[in-house]
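1. Got a sequence here, can you model it:
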Amino acid sequence: MAMGLASSPRKGRRSRRAAMAEINVTPLVDVMLVLLIIFMVTVTLPAVGVPIELPESRANPVEETPEQVTISIDGDGRVYIGDDAVPVGELPQALTAIERGGEGELPTVVLRGDRGLDYGRVMAVMGELGRAGFTSISLVTDGSVTAP
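-> Here you go, the predicted structure:
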């Protein structure tokens, strides 16, 4: 407190306050912590390489829309578009035959796969979907009652 007040030897003169020599670092620390949190969140986002929308297993069900296309893969690896089986090797042709929405938009694809499927088979179907231009893919799961 003595630093803040300057004493003058003369009584007739007004006293002036000296400049404060202390820096308040609390706002600086607050800003730096916010920037650190933003940096930590944005660094982890590009780590995801596959641009798909994955629903959580405990999430609320998503509403079905008439524009979406359901693709199912059964336990033997056979692919179905809707209820129609796709012959082996003809998935690319079947995907090009899917109706486009207004202005050439591709519908959302809902991919249903059997629990016992090989991961490579599901990725092969997803690769063909990506090659055909379908970028909005939802993976369907059964709801679970407990957290994983």
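2. Over to the closest residue to residue 113 other than its chain neighbours: give its phi and psi.
-> Leaving aside its chain neighbours, residue 113 sits nearest to residue 73 (4.6 Å; criterion: C-beta to C-beta, 6 or more residues apart in numbering). The way it works is simple: take the backbone N, C-alpha and C, and place the C-beta from them, glycine included. Main-chain torsions, residue 73, degrees, to the nearest 10: phi -120, psi 120.
3. now swap in residue 107 and tell me
-> Torsion angles, degrees, to the nearest 10, at residue 107: phi -70, psi 160.
4. What of residue 71?
-> The phi/psi pair for residue 71 (degrees, to the nearest 10) reads phi -120, psi 130.
5. Go ahead and confirm it touches residue 80.
-> Yes. Using C-beta atoms under 8 Å, residue 71 is in contact with residue 80, at 6.9 Å.
6. out of the two, which sits in the busier spot?
-> residue 71 (25 against 15; other C-beta atoms under 10 Å).
7. State the number of residues packed around residue 79.
-> Counted by other C-beta under 10 Å, the residues lying close to residue 79 total 21.
8. counting contacts, what elements does the helix or strand of the chain with the lowest mean pLDDT pack onto?
-> The helix or strand of the chain with the poorest confidence is strand 137-139; it has a mean of 81 (mean pLDDT, DSSP states H and E). The contact analysis (3 or more C-beta pairs under 8 Å, 6 or more residues apart in numbering; DSSP states H and E) places strand 137-139 against strand 109-113.
9. Give me the contacts around the strand it packs on.
-> The contact list for strand 109-113 (C-beta atoms under 8 Å, 6 or more residues apart in numbering) reads 64, 68-73, 122, 125-126, 129, 134, 136-140.
10. check contacts around the residue nearest to residue 113.
-> Residue 73 is in contact with 79-80, 111-114, 117, 121-122, 125, counting by C-beta under 8 Å, 6+ apart.
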